[in-house]
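*Asks:* Sequence and predicted structure, then a few things I'm wondering about:
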Amino acid sequence: MAPYVPGDNLHYGNMKVGYSVDDGQETTYLDPRLPLLQHADLKDKVVLLRVDHNVVKKGKILDQYRIDVTLATMYNIIERGGRPIIMTHIGRPYDKKTKTLTIKQDDSVDAVVAYLQRKLRIKFAVPQFHVTEKEGIHDIDTSINWLIHDLRARKIGGIYLPNTRWFAGEEDKGVNMERFVVQLAGLADVFVNDAFGSWQPHASTYHITKYLPSYAGLCMQAELSHVREVLEPKHPFVAVVAGSKYDTKIGPLTEIYKKVDNLILGGIIYNTFLCAKYNVRMKGVEESDIELAKGLVEQDKLQKKILELPMIVETDTLAGRFEGQFRTINVNDFKEGQEFGYVVDVDPASFETPEVRQVLESAKTIFVNAVMGMMPAFWHGTSKMDEAIDRNTTAQKFFGGGDTLQEFKSLWPGLYQAALDSAKYYLFTGGGTVLKVLEEGDPFGLPTVRALIENGEQYGHSQENGRSSSPTRM
Ligand SMILES: Nc1ncnc2c1ncn2[C@@H]1O[C@H](COP(=O)(O)OP(=O)(O)O)[C@@H](O)[C@H]1O
Ligand SMILES: O=C(OP(=O)(O)O)[C@H](O)COP(=O)(O)O
């Protein structure tokens, strides 16, 4: 039998035999100053690869999507002779208020490493370093040299470092950070950033570029290219933003507000907004955050772009959804000075009001970074939101965010699967990152991406230096 040639379909009468295989290339639109993985010299080089494999909850992977989209970069590095040292953060083990680090096995990279080993059938080594209570790992000690020796000798397929946020220097700005970055850089010859979702300028995403020739990975490139569609949306443009990461999401909202036709809020952000607007109080919402939300309330007084979801769910306990201990309350009944228990979801009925239906059904672009309720017990609002958004079959729909994708997958597995292949949907690996890009107005202004560009200019390996011109073929 003749060998199968991709793209060379065989026709027998009306029957089509074989299938055509896409060449895997895609036109991307990237800033020509951005140094690309494709242009790096990787032969026999140790490559420090930062990914966003922040997919582990209580020691388990709930959605492997963020790992799968980095496999192309790993393959590319290995195929071109590079030896990978991979790193990611998991969760938020550093408490900014108490300034302490809590190291729990649940936040380890073990589940990710086990998944990669099963998937790629190569062996990864995870080095162990000395841990200090409340301060984490101070040093990458020399014990790692043995593993690097094995990596170079191809006795192991890769090294996977412990959770980057377990290192004292990761989120620090002083000597701890400098020491950590110098030690990290000492392990490798080249740095590749494929962690679109990790926009925060930490040691392993940002400061490391001061010390190694640095490049954008393939996932990073694809995401940066697609984010243009949200930056230049078809109108009406509706953003739905919810969840629990109040600290990193409230800032971008003021800028995003200017770009959208309507903004729908949920989760802790919405609770804080409601407290500020109606002068009510809810358990778990901090006074300092209410103060921050007042700016958004003022902004909305004139333009009225924020579409309120009127019915929300109040509970007496955060321990679960227990009959008789939760109830639906209506924002329109709020009285100044009222105090509520924990507000943990949006009632699904909110998505059936004529105003909300009209806005979602007439939108041309919808960006969703939203888990409406406290999971896993209060899933009802998020489920209804996903359904209401899917009803609009003409809009371009962009979902982004670790938890957003994970809940989309667990609540609507069939739809999630279809969305992965649908031209009407695009799933971003990072939700906070897309919000940040909308705030900056430029994906190449993200601190981590800017650092790559500056590195390319410093080392002279940006695309502009005779390698290629935009648009780029991956
Ligand atoms: N009202 C609420 N109270 C407490 N937690 C909430 C509430 N609404 C959503 N959450 C939690 O927010 C988390 C998702 O938020 P976030 O990390 O900001 O989203 P993403 O990862 O998609 O950007 C979920 O774990 C969910 O349980
Ligand atoms: O899950 C992430 O972001 P996302 O919740 O905005 O999608 C990323 O891993 C970034 O995590 P971080 O917001 O703790 O820096």
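*Replies:* On my side now, so go ahead. Everything quoted here is computed from the prediction, not taken from an experiment. Ligands and ions are numbered 1, 2, ... in the order given.
*Asks:* Any residues of the stretch 51-200 of the chain in contact with ligand 2? List them.
*Replies:* Contact residues, the stretch 51-200 of the chain versus ligand 2 (Cβ under 6 Å from any ligand atom): 52, 54, 92, 197, 198, 200. From N, CA and C alone the C-beta is placed, and that goes for glycine too.
*Asks:* Which is the succeeding secondary structure element to the helix or strand hosting residue 191?
*Replies:* Per DSSP states H and E: residue 191 is located in strand 190-193. Sequence-wise, the next helix or strand downstream of strand 190-193 (DSSP H and E) is strand 214-216.
*Asks:* what's the model's confidence in that next one, averaged?
*Replies:* Per-region confidence: strand 214-216 scores 98 on mean pLDDT.
*Asks:* Show me what whichever helix or strand comes after it is packed up against.
*Replies:* Downstream of strand 214-216, the first helix or strand assigned by DSSP H and E is helix 218-226. Judged by 3 or more Cβ pairs under 8 Å, 6 or more residues apart in numbering; DSSP states H and E, helix 218-226 is in contact with strand 27-28, helix 71-79, strand 425-428.
*Asks:* can you do 6 Å?
*Replies:* If contacts are counted by 3 or more Cβ pairs under 6 Å, 6 or more residues apart in numbering; DSSP states H and E, helix 218-226 sits against helix 71-79.
*Asks:* Measure how far the helix it packs on is from the centre of its chain, please.
*Replies:* Centroid separation for helix 71-79 versus its chain: 20 Å, with Cα atoms, centre = their mean, to the nearest Å.
*Asks:* before we move on, what about stretch 140-151?
*Replies:* Taking mean C-alpha positions (Cα atoms, centre = their mean), stretch 140-151 and its chain are 30 Å apart.
*Asks:* ok, now stretch 177-191?
*Replies:* Chain-centre distance of stretch 177-191: 24 Å, with Cα atoms, centre = their mean.
*Asks:* ditto for stretch 219-237
*Replies:* Centroid separation for stretch 219-237 versus its chain: 14 Å, with Cα atoms, centre = their mean.
*Asks:* got the CA positions of the longest helix seen in the chain in CSV?
*Replies:* As assigned by DSSP state H, the longest helix anywhere in the chain is helix 287-303. Once non-C-alpha atoms are left out, helix 287-303 reads as follows in CSV (Å, rounded to 0.1, in the frame of the first residue of the first chain):
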residue,chain,number,x,y,z
GLU,A,287,-13.9,47.8,54.1
SER,A,288,-10.7,48.6,52.3
ASP,A,289,-12.0,46.8,49.2
ILE,A,290,-15.3,48.6,49.4
GLU,A,291,-13.3,51.9,49.3
LEU,A,292,-11.5,50.8,46.1
ALA,A,293,-14.8,49.8,44.5
LYS,A,294,-16.3,53.3,45.0
GLY,A,295,-14.4,54.6,41.9
LEU,A,296,-16.2,52.1,39.7
VAL,A,297,-19.6,53.0,41.3
GLU,A,298,-18.9,56.7,40.5
GLN,A,299,-17.8,55.9,37.0
ASP,A,300,-21.1,54.0,36.4
LYS,A,301,-23.4,56.7,37.7
LEU,A,302,-23.3,58.5,34.4
GLN,A,303,-22.7,55.8,31.8
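*Asks:* and it with ligand 1, contact?
*Replies:* No - Helix 287-303 lies out of reach of ligand 1 by Cβ under 6 Å from any ligand atom, never closer than 12.7 Å.
*Asks:* Relative to residue 73, how far out is residue 187?
*Replies:* 18 Å (Cβ to Cβ, to the nearest Å).
*Asks:* neighbour-wise, which of those two wins?
*Replies:* When residue 187 and residue 73 are compared for neighbours, residue 73 comes out ahead with 25 against 20, by other Cβ atoms under 10 Å.
*Asks:* Secondary structure element holding the residue nearest to residue 320 when sequence neighbours are not counted?
*Replies:* Distances taken as Cβ to Cβ, 6 or more residues apart in numbering place residue 377 nearest to residue 320, at 4.9 Å, with adjacent residues excluded. Using DSSP H and E, residue 377 sits within no helix or strand.
*Asks:* Pretty sure residue 377 sits against residue 321.
*Replies:* Yes - between residue 377 and residue 321 a contact is recorded at 4.1 Å, counting by Cβ atoms under 6 Å.
*Asks:* Please enumerate residues in contact with stretch 411-429?
*Replies:* 66, 196-197, 226, 383, 386, 397-400, 405, 408-409, 434 (Cβ atoms under 6 Å, 6 or more residues apart in numbering).
*Asks:* same deal with stretch 357-375?
*Replies:* Here stretch 357-375 has contacts from 230, 233-234, 236-243, 262, 266, 307, 344-346, 381-382, 385, 388-389, 392, 395-401, 403-404, 407, 431, using Cβ under 6 Å, 6+ apart.
*Asks:* Would you mind checking the residues you listed for buried ones?
*Replies:* Listed as buried from the contacts of stretch 357-375 are 230, 233, 236-243, 262, 266, 307, 344-346, 381-382, 385, 388-389, 392, 395-401, 403-404, 407, 431; burial here means 16 or more other Cβ atoms under 10 Å.
*Asks:* Looking at the chain, which residue is nearest ligand 2?
*Replies:* At 2.9 Å from ligand 2, residue 432 is the closest residue in the chain, using Cβ to the nearest ligand atom.
*Asks:* per-residue pLDDT, that residue?
*Replies:* With respect to pLDDT, residue 432 has a value of 94.
*Asks:* Likewise for residue 1?
*Replies:* Predicted confidence (pLDDT) at residue 1: the value is 36.
*Asks:* Next: the one 5 residues further on.
*Replies:* Looking at residue 6, its pLDDT reads 36.
*Asks:* swap in residue 21?
*Replies:* 46.
*Asks:* near ligand 1, which residues of the stretch 151-300 of the chain show up?
*Replies:* Contact residues (Cβ under 6 Å from any ligand atom) of the stretch 151-300 of the chain with ligand 1: 243, 244, 245, 267, 268, 271.
*Asks:* dump the residue contacts of the fifth one.
*Replies:* The neighbourhood of residue 268, defined by Cβ under 6 Å, 6+ apart, consists of 244, 246.
*Asks:* likewise the fourth one?
*Replies:* Shown in contact with residue 267 (Cβ under 6 Å, 6+ apart): 242, 243, 244.
*Asks:* I'd like to know how far it sits from residue 93.
*Replies:* Applying Cβ to Cβ to residue 267 and residue 93 gives a distance of 21 Å.
*Asks:* same question, residue 269
*Replies:* Residue 269 sits 23 Å away from residue 93, taking Cβ to Cβ as the criterion.
*Asks:* same thing with residue 338?
*Replies:* 36 Å.
*Asks:* go on, residue 379?
*Replies:* Taken as Cβ to Cβ, the span from residue 379 to residue 93 is 26 Å.
*Asks:* what's the answer for residue 380, then?
*Replies:* Distance, residue 380 to residue 93, by Cβ to Cβ: 30 Å.
*Asks:* Tell me which residue in the stretch 251-400 of the chain sits closest to ligand 1.
*Replies:* Ligand 1 sits closest to residue 267 of the stretch 251-400 of the chain, with a gap of 3.3 Å, by Cβ to the nearest ligand atom.
*Asks:* Would you mind giving the residues of the stretch 51-200 of the chain next to ligand 2 as JSON lines with pLDDT, neighbour count and distance to residue 162 added?
*Replies:* As requested, those are exported to JSON lines (pLDDT from 0 to 100; neighbours: other Cβ atoms under 10 Å; distance: Cβ to Cβ, whole Å):
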{"residue": "52", "pLDDT": "98", "neighbour count": "26", "distance to residue 162": "16"}
{"residue": "54", "pLDDT": "97", "neighbour count": "23", "distance to residue 162": "14"}
{"residue": "92", "pLDDT": "96", "neighbour count": "15", "distance to residue 162": "16"}
{"residue": "197", "pLDDT": "97", "neighbour count": "27", "distance to residue 162": "19"}
{"residue": "198", "pLDDT": "98", "neighbour count": "25", "distance to residue 162": "16"}
{"residue": "200", "pLDDT": "97", "neighbour count": "17", "distance to residue 162": "18"}
